[in-house]
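Chemist: Predicted structure and sequence below. I'll ask about it afterward.
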Amino acid sequence: MTKLGVEVAEATITSLERRVVRLVALLEVATQKSPNKIIRENGARLADRLAEWLDDIKDLREMGDEEVTELIKSFELRLKLAETKVKDWPLPASARAELEGRPRRRSKKVRPAA
């Protein structure tokens, strides 16, 4: 396979992967327990599509294809739109904190008196 001349940093791909994983997890929380079959199916479809786009980006990056930079820009815009939309959904507080990138609160352990 001939590798073309475009280089994309591994950090860019890693960042996109993290965002996709976070968003897919939130989509599952928000849609999978819905009594509405259409909502469940559309949530699963969007999660699948996000994974497909990410795979396409990885494939183009591996080949050094010139289209990878445009695809990344387009994907980042779509990902941002999806993240913004999910922020408006009614989500559990823990899921909302994860979407906003806040660390999870740790529960305080009660230590027995000595």
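Modeler: Yep, it's here. Numbers count the residues shown, from 1 in each chain.
Chemist: make it CA atoms for all contacts and neighbour counts henceforth
Modeler: Fine.
Chemist: Name the spans of this structure whose pLDDT lies under the cut-off.
Modeler: Across the chain, the ranges flagged by pLDDT under 70 are 1-5, 95-96, 98-114.
Chemist: what about the helices in it?
Modeler: Counting by DSSP state H, the chain has helices at residues 10-31, 37-63, 67-87, 93-99.
Chemist: Show me which residues of the third one are buried.
Modeler: Taking 16 or more other Cα atoms under 10 Å as the basis for neighbour counts, the residues of helix 67-87 that come out buried are 68-69, 71-72, 75, 79, 83, 86.
Chemist: Identify the residues contacting that helix?
Modeler: 6, 8, 16, 19-20, 23, 26-27, 53, 57, 60-61, 96, 99 (Cα atoms under 8 Å, 6 or more residues apart in numbering).
Chemist: out of the residues you listed, which one sits closest to Ile39?
Modeler: Leu27 (10.1 Å; Cα to Cα).
Chemist: residue contacts, that closest one?
Modeler: Leu27 is in contact with 43-44, 47, 86, counting by Cα under 8 Å, 6+ apart.
Chemist: Which members of those are the farthest-apart pair?
Modeler: Ala44 and Val86 (14.0 Å).
Chemist: just checking, Glu17 touches Leu54?
Modeler: Yes: with contact defined as Cα atoms under 8 Å, Glu17 reaches Leu54; the gap is 7.3 Å.
Chemist: So which of those two has more stuff around it?
Modeler: Taking neighbours as other Cα atoms under 10 Å, Glu17 and Leu54 compare with Leu54 leading, 19 against 16.
Chemist: give me the number of residues near Ile57?
Modeler: Ile57 has 22 neighbours, counted by other Cα under 10 Å.
Chemist: Could you measure from it over to Leu79?
Modeler: For Ile57, the distance to Leu79 equals 13 Å [Cα to Cα, to the nearest Å].
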